[in-house]
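# From the sequence below, what's the structure:
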Amino acid sequence: MADTATISFRTDPQVKQRAKELYESMGLDLSTALNMFLRQSLTDNGMPFRATRENPLNMEARRQADDREGSAFPDVDTLMKDLMDA
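Here you go, the predicted structure:
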């Protein structure tokens, strides 16, 4: 067996539990998922995702879509006309 190193870090217990459940549903344990993150960081020579703040307008648009707010259109032509007239 290869040598291993132990990493300790603190996180919210709820975050740990939710992440554990998520990765278990994918057939992974938390240790394997964290190792995948670290290895992908090395491959990408940085974070394996873009760490950004989400645009508040995007957040509001997502909320409206999730809540099924806004207009509905019977066809693409009507939707495009509405977009072009905006």
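
# who does the helix-or-strand element of the chain with minimal mean pLDDT touch, helix- and strand-wise?
Lowest on mean pLDDT, DSSP states H and E among the helices and strands of the chain sits helix 56-66, with a mean of 90. Packed against helix 56-66, as judged by 3 or more CB pairs under 8 Å, 6 or more residues apart in numbering; DSSP states H and E, are no other helices or strands. Using the backbone N, CA and C atoms, a C-beta is placed for each residue, glycine as well.

# Following the chain onward from that helix, which element is next?
helix 76-85 (DSSP states H and E).

# With just CA atoms, put that following helix into CSV.
C-alpha atoms of helix 76-85 as CSV (Å, rounded to 0.1, in the frame of the first residue of the first chain):
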residue,chain,number,x,y,z
VAL,A,76,-41.0,30.5,-30.4
ASP,A,77,-42.2,33.2,-32.7
THR,A,78,-44.2,34.9,-29.9
LEU,A,79,-41.3,34.6,-27.5
MET,A,80,-38.9,36.1,-30.1
LYS,A,81,-41.2,39.0,-30.8
ASP,A,82,-41.4,39.7,-27.0
LEU,A,83,-37.6,39.6,-26.8
MET,A,84,-37.1,41.9,-29.8
ASP,A,85,-39.7,44.4,-28.5
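
# what about the least confident helix or strand of the chain, distance to the chain center?
Distance of helix 56-66 from its chain centroid, counting by CA atoms, centre = their mean, to the nearest Å, is 15 Å.

# residues of that helix that come out buried?
Buried positions in helix 56-66, judged by neighbour count with 16 or more other CB atoms under 10 Å: none.
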